[in-house]
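Engineer: One predicted model, sequence on top.
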Amino acid sequence: MNPQITRAMSSSLRWLAISLVVTPLLSVAHAADSTSCSYSIICVAQNQYEPEFNLQLAQQEADAPYALTIKGTRKASVGKSTIGYPEMLWKDTKYVLTAPTRWKDDDWDQIGLAAVGIAGVIAFVDRPVQDFMRRIAPDDDPLSPNDSRFLHEIERFGRMYSLGLLGGFYVAGSLNDDDTAIAVAQDGLTATIIASGIITTAGKIITGRARPRKDLGHAHFRPFGGDHSFPSGHTTHAFAIASVIANHYEEKAWVSYASYTVAGLVGLARSYHGGHYTSDILTGAMIGTLVGKNVVSYNRQFRTGNIAVIPEITPGMAGMRLVSSF
């Protein structure tokens with residue numbers, strides 16, 4: 001049986017049981033002297049399909065029948081994708097890359113402020129931070145004895161380790177029938193392809209900024225000159241995956257903290273090893289985060305269950321309405 005129909009039937013049975021309890025209360029409330037009363041019904045969540053509703057019973061006028069209003073929220077479910085991954089990747093890429101055509105004035109204002117902020121970091125922060133990194137990490141070779149082994153390993157989350165992590169999510173999701181874990185793997189790979197493989201790579205080629213270890217200065221930009229410091233690819237990659245994980249598990253705060261902390265340490269490692277300036281890292285973090293968030297948000301339409309169960313309760317009657325979209 002279709003999983004969406006199974007979930008809908010399960011939800012219907014729960015609400016029917018609730019209705020059998022609430023309906024007698026309506027007649028009791030109607031006979032009471034007070035003109036209004038309310039009931040809070042909280043379904044203990046076994047999964048993310050469970051809704052939470054507040055039921056308000058009230059009389060508009062003294063002799064009028066009681067009316068029951070239902071207010072609440074229902075989180076969109078994550079189900080199996082309705083389209084194949086190649087098609088989803090294509091749609092995501094087109095959606096993200098054409099985003100500027102849909103930006104409003106407020107969006108452009110925020111982009112402008114971000115650009116001004118990055119320019120300020122280049123002018124006033126990049127050089128002193130890099131000078132400090134040189135003092136505490138005098139050798140640019142990450143394999144040298146003076147290297148921090150911890151930062152050396154954490155830096156790999158900006159490439160190979162993170163891809164292994166996504167593979168782990170996919171395998172675990174497949175074995176445990178966990179659609180959210182599979183979605184993390186798919187969206188994470190998509191976000192890295194778009195953010196790190198396309199946007200950041202294009203930025204590197206266009207700006208042609210020299211890496212700190214070349215000692216050409218923090219203001220050395222030669223468009224299409226062959227240098228590739230701005231933005232940081234490792235940081236873009238790490239933050240794209242971190243934002244995907246954080247947004248799929250947004251109800252678990254510790255997941256967001258852990259994901260973004262690891263991504264931030266990747267950026268720190270790149271600066272420590274002389275691979276990037278602070279502005280490279282901040283720009284990469286912004287690109288990765290924005291792309292990851294947009295990919296997750298956009299792909300919900302391909303995974304959200306399209307069957308909703310709406311309870312209908314009035315004095316003397318209790319029932320369910322099943323609404324579906326195709």
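Structural biologist: Cool, got the structure.
Engineer: where does this structure have low pLDDT?
Structural biologist: Within the chain, the segments meeting pLDDT under 70 span 1-77, 138-147, 305-326.
Engineer: List the contacts of residue 274.
Structural biologist: 130, 133-134, 137, 140, 211-213 (CB atoms under 8 Å, 6 or more residues apart in numbering). Every C-beta, even on glycine, is put in place using the N, C-alpha and C of the backbone.
Engineer: Just the buried subset of those, written out for PyMOL, thanks.
Structural biologist: Listed next is the PyMOL selection for buried residues among the contacts of residue 274, using 16 or more other CB atoms under 10 Å:
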select buried, resi 130+133+134+137+140+211+212
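Engineer: I'd like the contacts of residue 274 laid out as JSON lines, including secondary structure and distance to residue 97.
Structural biologist: Listed next are the contacts of residue 274 as JSON lines, based on DSSP: H, G, I helix; E, B strand; the rest coil; distance: CB to CB, whole Å:
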{"residue": "130", "secondary structure": "helix", "distance to residue 97": "32"}
{"residue": "133", "secondary structure": "helix", "distance to residue 97": "34"}
{"residue": "134", "secondary structure": "helix", "distance to residue 97": "37"}
{"residue": "137", "secondary structure": "coil", "distance to residue 97": "37"}
{"residue": "140", "secondary structure": "coil", "distance to residue 97": "34"}
{"residue": "211", "secondary structure": "coil", "distance to residue 97": "27"}
{"residue": "212", "secondary structure": "helix", "distance to residue 97": "30"}
{"residue": "213", "secondary structure": "helix", "distance to residue 97": "32"}
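Engineer: who does the helix or strand hosting residue 112 touch, helix- and strand-wise?
Structural biologist: According to DSSP states H and E, residue 112 maps onto helix 105-124. Here helix 105-124 touches helix 278-299, going by 3 or more CB pairs under 8 Å, 6 or more residues apart in numbering; DSSP states H and E.
Engineer: between the helix it packs on and helix 105-124, how many degrees?
Structural biologist: 160 degrees (axes from the mean of the first three to the mean of the last three CA atoms, to 10 degrees).
Engineer: For helix 278-299, buried residues please.
Structural biologist: Buried, per 16+ other CB under 10 Å, within helix 278-299: 278-296, 298-299.
Engineer: what does the helix holding residue 112 rub up against?
Structural biologist: By CB under 8 Å, 6+ apart, helix 105-124 touches 103, 218-219, 277-279, 282-283, 286.
Engineer: Return the closest of these with respect to residue 166.
Structural biologist: residue 286 (21.2 Å; CB to CB).
Engineer: Spit out the contact partners of the closest one.
Structural biologist: Here residue 286 is in contact with 114, 239 (CB under 8 Å, 6+ apart).
Engineer: quick one, what contacts the residue lying closest to residue 237 once chain neighbours are set aside?
Structural biologist: Distances taken as CB to CB, 6 or more residues apart in numbering put residue 196 closest to residue 237, at 4.3 Å, once the chain neighbours are dropped. Going by CB under 8 Å, 6+ apart, residue 196 touches 233, 236-237, 240, 288.
Engineer: State the distance from residue 218 to residue 235.
Structural biologist: 17 Å (CB to CB, to the nearest Å).
Engineer: between the two, who's got more neighbours?
Structural biologist: Neighbour count, other CB atoms under 10 Å: between residue 218 and residue 235, residue 235 has more, with 32 against 23.
Engineer: Leaving out chain neighbours, which residue sits closest to the more buried one?
Structural biologist: residue 284 (3.5 Å).
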